[in-house]
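Q: Turn this into a structure:
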Amino acid sequence: MFLRRASKTDPLPVTMSGVRMGERLLQIGIDDRTLPGAIAAKVGLSGTVVMAVKDEREAVLARQAASDAGVLADVQVGRLPSVDAPDDAFDLAVIHSMRGLLAGWGEPERLALIRECRRVLRPGGRIMVVESGPREGLTAWLRPHRENESYVAAGGSVAALEAGGFRPVRLLAERDGYRFVEGLRTGE
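A: Just a heads-up that it's a prediction; the model follows:
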């Protein structure tokens, strides 16, 4: 698979998410101020954006990201692993896990979140996990990549998405310190 180099205006995670104009997007967690807004901006005025975060600190970052990107977003605070949305409400769910959101939770909470994502995605909808991956060059030496060993031994995000009912699930890429895992919600 050929991966084009991301530009400053289209960072690699935005490119890899594959989000399109008019889609209904659910973003879970927030690792930085810029990425969620950049992904949300891709849906345009005809799309819908919901950002579900665990606490008010993350909510402030989510609101700022949406404001900086010039998008309207419904920010839900403190409901995780639940999402306040009807069944089949979204086309794409993106879990921001660069700081270990999935790996840091116990298996019951992680599975509850993934099943909740499956519930709110339409049939044929996709889930994307953006997490920390191996680093290269000087960055690898200065800030080595550390993973939750028990999470990795259990199959990591691929196994977690499969356990939550997504099929097929695949590792899309590991590049520039990111790991991208995608799953599809197929018919019942």
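Q: quick one, phi psi at Ala62?
A: Note on Ala62: its backbone torsions stand at phi -60, psi -40 [degrees, to the nearest 10].
Q: What distance do you get for the residue lying closest to it once chain neighbours are set aside to Glu149?
A: In space, and not counting its chain neighbours, Ala62 is closest to Met51: 4.3 Å by C-beta to C-beta, 6 or more residues apart in numbering. C-betas here are computed from N, CA, C, even on glycine. Distance, Met51 to Glu149, by C-beta to C-beta, to the nearest Å: 30 Å.
Q: who's more crowded, those two?
A: Met51 (29 against 9; other C-beta atoms under 10 Å).
Q: any idea how far Leu26 is from the more buried one?
A: 8 Å.
Q: Tell me if I am right that the residue nearest to Ala62 is in a strand.
A: Yes: Met51: assigned to a strand according to DSSP: H, G, I helix; E, B strand; the rest coil.
Q: ok, now which ones touch it?
A: 27-28, 30, 36, 40, 62, 65-66, 73-76 (C-beta atoms under 8 Å, 6 or more residues apart in numbering).
Q: next SSE after the least confident helix or strand in the chain by mean pLDDT?
A: The weakest-scoring helix or strand in the chain, judged by mean pLDDT, DSSP states H and E, is helix 137-142 (a mean of 56). Using DSSP states H and E, the helix or strand that follows helix 137-142 in sequence is helix 149-153.
Q: Quick check: buried residues in that following helix?
A: Tyr151 (16 or more other C-beta atoms under 10 Å).
Q: Run the chain-centre distance for whatever helix or strand comes next after it.
A: Next in sequence after helix 149-153, counting helices and strands by DSSP H and E, comes helix 156-163. In terms of C-alpha atoms, centre = their mean, to the nearest Å, the centre of helix 156-163 is set 14 Å apart from its chain centre.
Q: tilt between the strand ranked longest in the chain and helix 156-163?
A: For the chain, the longest strand by residue count, based on DSSP state E, is strand 121-132. Counting by axes from the mean of the first three to the mean of the last three C-alpha atoms, to 10 degrees, strand 121-132 lies at 160 degrees to helix 156-163.
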